[in-house]
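Engineer: just to be clear, the model below is a prediction. Sequence and coordinates:
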Amino acid sequence: MKFLRPYQERYVREQAEYEQTVQHLHWRLEDMRQELCLAQARINAQINHATEGLGQLRSPSWIRMLINPLAEEIQRHFPGSVLRLSGPLGIGAQVQIALYKEGTESDRIPPSSALIGYIVVEPGVLSTGEVYVRDLKADTSEYSPGTIGEMNGFNHPRCPLPDTVEELIERFFVICEMGGTQWLTERCI
């Protein structure tokens, strides 16, 4: 039928263009899927690398970086002493810095008669490196005996560290006589 001929040619042409466009879009989609797989593999590798990096990071130790140097500086004022740290202990994460007479065995808890003196420090806002000292020479009696607050030393005021180690020792270091405090859960540095 000659009448339909121009319509048939137009239809065949458009059908061929349609099929060509569909084929082109399928190829393009396949290329994009492959690119997505490669990108996803790259991203997964980056995620794994970052995760491994996080796993290997170690948070700075406030005891090692803040308390140990403080303790060593205190020890310099007591020649012949042995330095020992206990803690962190309790709600306040308190660390006891204790000095013992020289000759005290480092692998055992020394007898209380060997204790020269001690001080108790605790962290404040660690993101700013804040450290406090408990004034063991003062007692507010705010917490009754046997309460959590009393057992955690909260009856002793929490004070900012003084500007000098000498002032810290003078104001806060508890000097012991024979039969002084015995420390539990000790860890040598």
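Structural biologist: Looks like it arrived, so ask away. Residues are numbered from 1 along each chain as shown.
Engineer: contacts, neighbours, all on C-alpha from now
Structural biologist: Will do.
Engineer: ok so Val121 is a helix residue?
Structural biologist: No - Val121 is assigned strand when assessed by DSSP: H, G, I helix; E, B strand; the rest coil, not a helix.
Engineer: beta partners for the closest residue to it other than its chain neighbours?
Structural biologist: Excluding its sequence neighbours, the residue lying closest to Val121 (CA to CA, 6 or more residues apart in numbering) is Val133, at 4.3 Å. When bridges are called by DSSP bridges, Val133 pairs up with Val121, Cys159.
Engineer: how about the secondary structure of the residue most central in space within the chain?
Structural biologist: With the centre of the chain defined as its mean C-alpha position, the nearest residue by CA atoms, centre = their mean is Ser59, 4.5 Å away. Secondary structure assignment for Ser59 (three-state DSSP): coil.
Engineer: now it. Its backbone dihedrals?
Structural biologist: phi -60, psi 140 (degrees, to the nearest 10).
Engineer: quick check: the gap between it and Glu170.
Structural biologist: With distances taken as CA to CA, to the nearest Å, Ser59 is found 33 Å from Glu170.
Engineer: low pLDDT regions in the protein?
Structural biologist: Scanning the chain for pLDDT under 70 picks out 103-113, 177-189.
Engineer: per-domain residue ranges of this structure.
Structural biologist: Following automatic domain parsing, the chain resolves into domains at 2-56, 62-188.
Engineer: which of those domains sits most buried?
Structural biologist: Among the domains of the chain, domain 62-188 has the highest mean neighbour count (mean count of other CA atoms under 10 Å), at a mean of 16.
Engineer: which residue ranges of the protein form helices?
Structural biologist: Listed in chain order, the helices of the chain (DSSP state H) span 5-56, 62, 68-76, 148-151, 165-172.
Engineer: quick one: these as CSV, columns for distance to Leu83 too.
Structural biologist: Rendered in CSV, the data for those read as follows (distance: least, CA to CA, whole Å):
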stretch, distance to Leu83
helix 5-56, 31
helix 62, 18
helix 68-76, 7
helix 148-151, 24
helix 165-172, 15
